[in-house]
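> Just to be clear, the model below is a prediction. Sequence and coordinates:
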Amino acid sequence: MIDQTELNRLFWQCRRGMLELDVLLVPFLHEAYSALDAEDQRRFRKLLQCEDQDMFGWFMEREVSEDEDLNRIVRIMLDRVQPK
């Protein structure tokens, strides 16, 4: 079970001020985060520590992170909004 305080903290970290990121991060937190295993939750929290421009490039698939953890969580999030 996820602590409400943690969810509140993550919510504010998801609010980036860049609409393209906000529409990916906030719904993912509310709709999918709690279903992730502990390692993927850790990856999501790690993603939130990244720079907006880096995340934007990864989500637009213009760039790939050198960090495999970040690549995994980005792929999970993209697969959720772009089903094949």
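In hand now; what should we look at? Residues are numbered from 1 along each chain as shown.

> So what touches stretch 77-84?
24, 28, 32, 59, 61 (CB atoms under 8 Å, 6 or more residues apart in numbering). Glycine gets a C-beta too; all of them are placed from N, C-alpha and C.

> Return the set of buried residues in that stretch.
Neighbour-count burial for stretch 77-84 flags residue 77 (criterion: 16 or more other CB atoms under 10 Å).

> CA atoms of it as CSV?
Extracted in CSV, the C-alpha atoms of stretch 77-84 (Å, rounded to 0.1, in the frame of the first residue of the first chain):
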residue,chain,number,x,y,z
MET,A,77,4.9,4.8,-19.7
LEU,A,78,5.0,5.1,-23.5
ASP,A,79,3.6,1.6,-23.9
ARG,A,80,0.7,2.7,-21.6
VAL,A,81,-0.2,5.7,-23.8
GLN,A,82,0.8,4.2,-27.2
PRO,A,83,-0.5,0.7,-27.2
LYS,A,84,0.9,-1.4,-30.1
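
> Please identify the member of the contacts of stretch 77-84 with the greatest number of neighbours.
residue 24 (21 neighbours; other CB atoms under 10 Å).

> Any buried residues in the helix or strand hosting that one, and which?
Residue 24 is part of helix 19-31 when elements are defined by DSSP states H and E. The neighbour-count check on helix 19-31 (16+ other CB under 10 Å) flags 21, 24, 25, 28, 29 as buried.

> Would you mind giving those as CSV with pLDDT and distance to residue 66 added?
Putting those into CSV (pLDDT from 0 to 100; distance: CB to CB, whole Å) gives the following:
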residue, pLDDT, distance to residue 66
21, 96, 20
24, 96, 21
25, 97, 21
28, 97, 22
29, 96, 25
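
> mind putting those in CSV, distance to residue 8 included?
Shown next, in CSV, are these (distance: CB to CB, whole Å):
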residue, distance to residue 8
21, 19
24, 19
25, 14
28, 16
29, 10
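
> which residues touch the nearest residue to residue 76 once chain neighbours are set aside?
With CB to CB, 6 or more residues apart in numbering as the criterion, residue 76 has its nearest non-adjacent residue at 6.5 Å, and that residue is residue 40. Residues near residue 40 by CB under 8 Å, 6+ apart: 72, 73, 76.
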